[in-house]
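Visitor: A structural model of the following input is requested.
(chains A and B)
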There are 2 protein chains.
Amino acid sequence: MTSDKINRIVILGSGNLATPLAKSLKLAGLEIIQIYGRTEKQAKILANRLNTNYTNDLSLINPKADLYILCLSDDALLEAIGKIKLKDPFIVHTSGTTPINIFGNKFSDYGVFYPLQTFSKEKEIDFINIPLCIEANTANNEERLLTLAQKISKNVLPINSDQRKILHIGAVFASNFTNYLYSISKELLAEHNLSFNLLKPLIQESALKILDNHPEDAQTGPARRGDDQVIEKHLHHLKKHPEYKNIYKLFSKLIKDKYADQ
Amino acid sequence: MTSDKINRIVILGSGNLATPLAKSLKLAGLEIIQIYGRTEKQAKILANRLNTNYTNDLSLINPKADLYILCLSDDALLEAIGKIKLKDPFIVHTSGTTPINIFGNKFSDYGVFYPLQTFSKEKEIDFINIPLCIEANTANNEERLLTLAQKISKNVLPINSDQRKILHIGAVFASNFTNYLYSISKELLAEHNLSFNLLKPLIQESALKILDNHPEDAQTGPARRGDDQVIEKHLHHLKKHPEYKNIYKLFSKLIKDKYADQ
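Guide: Numbers count the residues shown, from 1 in each chain, chains lettered A, B, ... in the order given. Just a heads-up that it's a prediction; the model follows:
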């Protein structure tokens, strides 16, 4: 049985997501009563920043919270759920990929609280614009999570497990793979003693462009123009990097095909 | 023979680059005395915005400019250079890929004025932070171009033809291919009635992150964590899109390999 209003929260995790999430919740007036971390050191660092308690022992989780938020990697998540001994907790995970029914056999109040963003411990981030994707096992629990989420973000929405999986896949393409392309470009420049700083205005502008334009309309470059001469020259220059050459070939073909009729 | 100070400029081109460049130069106090466009319509639109003259006939280019800036696609560039009948002009192109010696047989004062950015006619852009990569056939001409470029940007640097080619390849990875990844994510979301707007905060943050972090350090996601279970689930979901599945597989493998020792 759970009370309706969420005030007291335990955060399970002390990493890239746990850190900014716990801070945002505390700033919004919620009480973070405990941090659980797999190592005492990490748990302590975050707990000290929040002036709260910590543990690295799942059997010592404070049983008096209104909500338990699991900010753990997908592997650690399953293990933690197995080991938690709380009586009737309201418990949520924050994973893009894990379905809600991972809780179903063990708990009766549960849900998902998935922030669609990339997090680093070092980088401060405001939750106000981050889409918070909410799912819960009952309408009442969904309502409680939506109310909580709206205290830290103006971009809160109910999303089911199938939709969340698609959002996660979209995020991998739009963020993780994009960042990897940044790495490639940095490496290519470095080989010729050119600073990655030179590409930063371009990277920012490319991201800003899609705020007001469809990415289909924002597409530029040799493949978009069907400029085979430039493509061939670039491929020739990439011969030292067969894997980057592969990426260049694959993307150029797909972009050319996409715009072939235009 | 050319005079030293650049005041009067003819812009050859009326497209994505010509439009913002001509506007920036005029705002900085330069005189845009003529626009050449391949079609009269396009040339007229830009000329009207700048309150200047236009032509669509290369034989009618005004011979009295201090500088001719070719803002043409690589194909059109070669053709235009062949047809230009000017006597001893100071002439530059704006291409990332075309070497400076494309001018060598015909002209005696020439160079390259390459802005490292993605341009759209519709989107206003300030040149102030755009890297302007300058190359010229003599030290004096280089100096003249650097002085001109510094009137519109605080990010001006001499770059030779080999370096410029690498910058262009880097830009294709960091901007063109990145934008294509945005398109893929949009398409995947749309198939499940999810708005691309949901990914926009993530896309912005991913670009902002690399201003203060190396992209190697900013890498997140299932492949970075070596989370094969999530990768397999995502690949399964992409089975309707073999080409996107290929990209997912290729990137995940390369990212996993890159971080295998960490």
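Visitor: right, is the helix or strand containing A:Tyr244 up against chain B?
Guide: Secondary structure assigned from DSSP states H and E places A:Tyr244 in helix A:242-258. Yes. Using CB under 8 Å from any CB of the partner chain, we find that helix A:242-258 touches chain B at A:Glu243, A:Tyr244, A:Asn246, A:Ile247, A:Tyr248, A:Leu250, A:Phe251, A:Leu254, A:Ile255, A:Lys258. Yep, even glycine has a C-beta here, placed from its N, CA and C like the rest.
Visitor: what comes up buried for that helix?
Guide: For helix A:242-258, burial by neighbour count (16 or more other CB atoms under 10 Å in any protein chain shown) applies to A:Tyr244, A:Lys245, A:Ile247, A:Tyr248, A:Phe251, A:Ser252, A:Leu254, A:Ile255, A:Lys256, A:Lys258.
Visitor: what does stretch A:143-153 give?
Guide: A:Arg144, A:Leu145, A:Leu146, A:Leu148, A:Ala149, A:Ile152, A:Ser153.
Visitor: any idea which helix or strand comes after the helix or strand of chain A with the lowest mean pLDDT?
Guide: Sorting the helices and strands of chain A by mean pLDDT, DSSP states H and E puts helix A:74-83 at the bottom, at a mean of 90. Going down the chain from helix A:74-83, the next helix or strand is strand A:90-93, by DSSP H and E.
Visitor: list the contacts of stretch A:49-61.
Guide: A:10, A:12, A:14, A:19, A:22-23, A:26, A:32-40, A:43-44, A:46-47, A:62, A:68, A:80, A:83-86 (CB atoms under 8 Å, 6 or more residues apart in numbering or on different chains).
Visitor: centre of the chain to that stretch, how far?
Guide: How far stretch A:49-61 lies from its chain's middle: 24 Å, per CA atoms, centre = their mean, to the nearest Å.
Visitor: next: stretch A:195-211.
Guide: Centroid separation between stretch A:195-211 and its chain, computed with CA atoms, centre = their mean, is 21 Å.
Visitor: number of residues surrounding the closest residue to A:Lys245 other than its chain neighbours?
Guide: Spatial nearest neighbour of A:Lys245, chain neighbours left out: A:Leu238 (4.1 Å); criterion: CB to CB, 6 or more residues apart in numbering or on different chains. A:Leu238: 20 surrounding residues under other CB atoms under 10 Å in any protein chain shown.
Visitor: would you mark the buried spots in stretch A:213-221?
Guide: For stretch A:213-221, burial by neighbour count (16+ other CB under 10 Å) applies to A:Pro215, A:Glu216, A:Ala218, A:Gln219, A:Thr220, A:Gly221.
Visitor: again with stretch A:26-34
Guide: Using 16+ other CB under 10 Å as the test for burial, stretch A:26-34 gives A:Lys26, A:Leu30, A:Ile32, A:Ile33, A:Gln34.
Visitor: which ones among the residues you listed map onto helices?
Guide: Mapping the buried residues of stretch A:26-34 onto helices (DSSP state H) picks out A:Lys26.
Visitor: same list, the buried residues of stretch A:26-34, but as JSON lines with distance to chain B and pLDDT please.
Guide: Output for these, formatted as JSON lines (distance: CB to the nearest CB, whole Å; pLDDT from 0 to 100):
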{"residue": "A:Lys26", "distance to chain B": "21", "pLDDT": "97"}
{"residue": "A:Leu30", "distance to chain B": "22", "pLDDT": "97"}
{"residue": "A:Ile32", "distance to chain B": "23", "pLDDT": "98"}
{"residue": "A:Ile33", "distance to chain B": "28", "pLDDT": "98"}
{"residue": "A:Gln34", "distance to chain B": "25", "pLDDT": "98"}
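Visitor: so who does A:Ala218 touch?
Guide: For A:Ala218, the contact set (CB under 8 Å, 6+ apart) comprises A:Ser206, A:Lys209, A:Ile210, B:Thr118, B:Ser120, B:Asn179, B:Tyr182.
Visitor: quick one: contacts of the helix or strand A:Ser24 falls within?
Guide: In the assignment (DSSP H and E), A:Ser24 maps to helix A:18-27. The contact list for helix A:18-27 (CB under 8 Å, 6+ apart) reads A:9, A:11-12, A:32, A:35, A:46, A:49-50, A:69, A:71, A:94, A:115, A:119, A:121, A:124-127, A:151-152.
Visitor: and those, which of them are buried?
Guide: By 16+ other CB under 10 Å, those give A:9, A:11-12, A:32, A:35, A:46, A:50, A:69, A:71, A:94, A:115, A:119, A:125, A:127, A:152 as buried.
Visitor: and these, which of them are in strands?
Guide: Counting by DSSP state E, those place A:Ile9, A:Ile11, A:Leu12, A:Ile32, A:Ile35, A:Ile69, A:Pro115 in strands.
Visitor: among the residues you listed, which pair sits farthest apart?
Guide: Within those, A:Ile35 and A:Pro115 form the most distant pair, 17.7 Å apart (CB to CB).
Visitor: can you show me the helices along the stretch 101-250 of chain A?
Guide: With DSSP state H, counting those that start in this stretch as the criterion, the stretch 101-250 of chain A has helices at A:139-150, A:161-171, A:178-190, A:200-212, A:215-218, A:222-225, A:228-237, A:242-258.
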